[in-house]
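**Q** Here is a sequence with its predicted model. Questions after.
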Amino acid sequence: VSGSPVAVPLGVGSVNCVIFSPNGQTLAVGGNSLQLVDAATRASTTLSGHPGLVQCVSWSPDSTALVSAGLDDDNRLRVWIVDTRSCTFLTGHTSPVTCVDWSPDGTRIASGDQDGPVRLWNPSTGSCIAILEGHTQGVGAVRWSPD
């Protein structure tokens with residue numbers, strides 16, 4: 001990486017989130033769609049499956065999967081396996097999901113929504129393992145401690 005800016009035509013319209021994979025090989029860009037951009041070739045691939053704006057994205061620590069969510073009518077998180085472009089759903093939020101974060105050990109996903117609860121998920125089983133309540137407004141960010 002030279003540090004020089006590089007324009008990549010993405011075609012996502014507005015850009016709401018951008019995050020590099022932990023291995024530095026792929027950039028995930030969320031907006032009107034979810035796109036993966038190869039850092040070396042700048043080739044992009046659209047992951048189809050969001051009916052609304054993509055609001056947030058987080059990579060698994062091993063860079064093999066990512067979770068995305070947004071202003072969709074179904075309020076579901078989408079867990080993508082990068083190699084196959086396959087998608088599974090995490091269902092349970094009652095309002096649009098505004099933030100997601102994959103735990104450093106890869107065993108949990110945290111997500112927050114516009115109504116306030118934070119949900120903890122097991123990405124292997126797709127089950128919600130805890131609901132953390134108490135926020136009186138929507139949650140704008142979730143983040144795991146690195147340790």
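**A** Here it is on my side, so go on.

**Q** centroid residue for this protein?
**A** The centre of the chain sits closest to residue 57, judged by Cα atoms, centre = their mean, with a distance of 2.1 Å.

**Q** ok, that residue - contacts?
**A** 17, 19, 28, 30, 34, 66, 67, 68, 100 (Cβ atoms under 8 Å, 6 or more residues apart in numbering). From N, CA and C alone the C-beta is placed, and that goes for glycine too.

**Q** The first one bridge partners, please.
**A** Pointing back at residue 17 there. Each beta-bridge partner of residue 17 is listed here: residue 30, as defined by DSSP bridges.

**Q** Quick one: residues contacting it.
**A** Contacts of residue 17 were listed using Cβ under 8 Å, 6+ apart, and they are 28, 29, 30, 31, 54, 55, 56, 57.

**Q** ok, and the most crowded of those?
**A** Neighbour counts for those peak at residue 54, which has 27 neighbours (criterion: other Cβ atoms under 10 Å).
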